[in-house]
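# take this sequence and fold it.
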Amino acid sequence: MEIPIRRQVPMPERTSRTAHDHGVRRLRDVIRAAVLGGAYPSGVLPGEAELMTEHGTTRATVRDALAMLRSDRLIERTQGVGTHAVVAPVRAQMEEALGLLRPANSTLFDPRVRPHVLDRAVLPIPSTLAEWMGVAPGTDCLRLDYVSLHDDDPIALATNYVLFPEAERLLNTPFRHDWYSLLADAGVRLGQSEFVMDSLLADPLSSSLLDVAEGSALLAMDQTIRDRDGRIVNVAFIRMRPDRFRFVSRGHAPAHPTSTQEPA
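Numbers count the residues shown, from 1 in each chain. The predicted structure follows:
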């Protein structure tokens with residue numbers, strides 16, 4: 001008896017509504033990329049008729065796609081005025097986000113970025129972090145807790161735990177812009193930086209601090225920074241608004257790829 005490899009599952013019949021939804025989704029993604037990528041320097045989006053012509057779609061599809069972007073707080077529509085982008089996200093190379101590369105142009109390290117410090121105190125390191133950072137429980141550390149603002153718009157919430165002697169330098173250094181500028185001003189040199197990224201939902205306090213709806217998805221980063229000798233000097237927990245950042249990563253294939261597989 002022949003046993004079928006897989007059972008054929010009948011696909012639901014496609015309806016005009018389903019086709020419309022997919023069209024809206026695809027158009028939303030294209031316009032979203034254009035808005036966040038700076039395709040509209042003036043901030044003004046094309047009108048509905050122009051978008052219909054450019055994308056070969058219906059007015060209903062255009063309106064629904066724009067409504068999705070508006071609900072995401074990326075654009076604003078004003079009767080008689082038009083559609084405007086309301087978000088200009090910070091764009092940074094991943095090496096910049098890790099603090100390993102200082103940018104030639106203002107991106108993540110924008111002079112308009114400034115901290116609102118919530119806590120800057122010396123305290124015994126939490127026991128879980130003591131093991132993580134390779135120090136004895138009760139070792140003193142600096143806890144620096146702050147909201148990062150970009151033109152007064154909250155974009156990230158971060159809590160850093162810094163060991164001494166680096167912590168001593170940070171205690172006496174003015175915190176004016178971004179975290180890496182603070183480290184540089186304090187004379188703290190990085191050797192290695194690692195991010196572990198996932199996501200979490202905004203709790204009531206985080207939603208208030210970051211001006212997002214409670215339950216909104218946040219980009220969560222756990223960061224470990226080592227010095228030039230490989231010693232962990234800083235562990236940070238960072239919660240970022242994903243609608244305010246765009247990280248760029250590029251990879252290059254080798255010019256002459258090698259293979260361990262023997263030719264047949």
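
# and Asp29, which helix or strand is it part of?
helix 16-36 (DSSP states H and E).

# buried ones in that helix, by neighbour count?
For helix 16-36, burial by neighbour count (16 or more other Cβ atoms under 10 Å) applies to 23-24, 27-28, 31-32, 35-36. Where you see a C-beta, it was placed from the backbone N, CA and C, and this is true even at glycine.

# elements contacting that helix?
Contact analysis of helix 16-36 by 3 or more Cβ pairs under 8 Å, 6 or more residues apart in numbering; DSSP states H and E lists helix 48-55, helix 59-71 as its packing neighbours.

# can you tell me how far the closest residue to Thr139 other than its chain neighbours is from Leu142?
Closest residue to Thr139 apart from its sequence neighbours, by Cβ to Cβ, 6 or more residues apart in numbering: Ile125 at 5.1 Å. Distance of Ile125 to Leu142, given as Cβ to Cβ, to the nearest Å: 10 Å.

# any common contacting residues for these two?
Tyr161 (Cβ atoms under 8 Å, 6 or more residues apart in numbering).

# how about residues contacting the helix holding Asp29?
40, 45, 51, 55, 57-58, 60-62, 64-66, 68-69, 72, 74-75, 85, 87, 89, 246.

# again, only this time at 7 Å
Applying Cβ atoms under 7 Å, 6 or more residues apart in numbering, the external contacts of helix 16-36 come out as 40, 55, 57, 61-62, 64-65, 68-69, 74-75, 85, 89, 246.

# what pLDDT, on average, does that helix get?
For helix 16-36, the mean per-residue pLDDT is 84.

# what is the burial count for Arg73?
14 (other Cβ atoms under 10 Å).

# contacting residues for Gly43?
84-85.

# would you mind measuring from Trp179 to Gly215?
27 Å.

# these two: who's more crowded?
Legend: neighbour count by other Cβ under 10 Å for Trp179 and Gly215, higher for Trp179 (25 against 10).

# for the more buried one, give its distance to Met221.
12 Å.

# all strands for this structure, in order.
For the chain, the strands defined by DSSP state E cover 75-78, 82-85, 90-93, 113-124, 140-150, 153-163, 192-201, 217-226, 232-240, 245-248.

# can you tell me which of these the model trusts least?
Among the strands of the chain, strand 90-93 scores lowest, at a mean of 54.

# so of the helices and strands packed on helix 16-36, which one's packed in deepest?
helix 59-71 (a mean of 17; mean count of other Cβ atoms under 10 Å).

# if you count contacts, what does it end up packed against?
Here helix 59-71 touches helix 16-36, helix 48-55, strand 75-78, going by 3 or more Cβ pairs under 7 Å, 6 or more residues apart in numbering; DSSP states H and E.
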